[in-house]
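Novice: okay, sequence plus prediction incoming.
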Amino acid sequence: MENKPAKNDHSEIIFKAIRLVAEAHDGQLRKGSRLPYITHLMNVMKILIDQDCDDEIVAAGILHDTLEDTPVVMEDIEKLFGPRVAFLVTGASEVREPADAYNGKASWKARKEHTIHFLLHDATKDQLLVCCADKLDNITAIEADYKRFGELLWQRFNAGKEQQQWYYTAIASAFAYRAKELGDPLSNLSDQFSTTVKEIFQ
């Protein structure tokens, strides 16, 4: 019988995060597809691992949509994963604080403008890595579907092509600006993101 390698104790937080999102996002699909939503979270996980990010950053990448899209609250994240992971997940969420005026009821553009400002001025390096990995997988999925469906793709979004172009171009600029200061691995992710945005919209 083949001996299984011992589990790396340091990776336990990653497996704990996977178990939580598998339950929290149960029944959710990626927009316009039959793919379980957890596939996006696993893609973000892989992007961060490929950039040699530490396990808490990776766990935050797995958990990054829990506050927006599931019943999980900040206190749950902090209790289960600690204050650093909770801080990183907050940075990747449009609802960052209970008193935040830009909450889920705000307009699409107001929420996106708030995100752009946060990325440009307030996000830490680790928060930027989680956010960029998330956006990179989103734009990669959009590129694949655009090649498949063409202009019909934009009908699945609440905001149309012009608004999506404005948003993704703006956050590409924000990531690139911060990457000049912070370097790799953010620079690597930012370059991939900017290239994909240009391929879709130009």
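Specialist: Right, received. Where do you want to start?

Novice: phi first, then psi, for residue 29.
Specialist: Dihedral pair for residue 29: phi -120, psi 160, per degrees, to the nearest 10.

Novice: same check, this time on residue 145
Specialist: Here is the backbone geometry of residue 145 (degrees, to the nearest 10): phi -70, psi -30.

Novice: mind pulling up the pLDDT for it?
Specialist: With respect to pLDDT, residue 145 scores 94.

Novice: list the contacts for it?
Specialist: If you count contacts by C-beta atoms under 8 Å, 6 or more residues apart in numbering, residue 145 has them with 32, 33, 153. For the C-beta atoms, the positions are set from N, CA and C on the backbone; glycine is no exception.

Novice: again, but for residue 77
Specialist: Contacts for residue 77 (C-beta under 8 Å, 6+ apart) come out as 63, 66, 67, 85, 86, 89.

Novice: coming back round to it: list buried residues within the contacts of residue 145.
Specialist: The neighbour-count test (16 or more other C-beta atoms under 10 Å) marks residue 153 as buried among those.

Novice: just send the contacts of residue 145 back as TSV, with pLDDT, distance to residue 179 and secondary structure too.
Specialist: Listed next are these as TSV, based on pLDDT from 0 to 100; distance: C-beta to C-beta, whole Å; DSSP: H, G, I helix; E, B strand; the rest coil:
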residue	pLDDT	distance to residue 179	secondary structure
32	80	30	coil
33	84	30	coil
153	93	28	helix
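
Novice: let me know the average pLDDT across the helix or strand where residue 76 lies.
Specialist: Secondary structure assignment for residue 76, by DSSP states H and E: helix 74-81. Confidence for helix 74-81, expressed as mean pLDDT, is 96.
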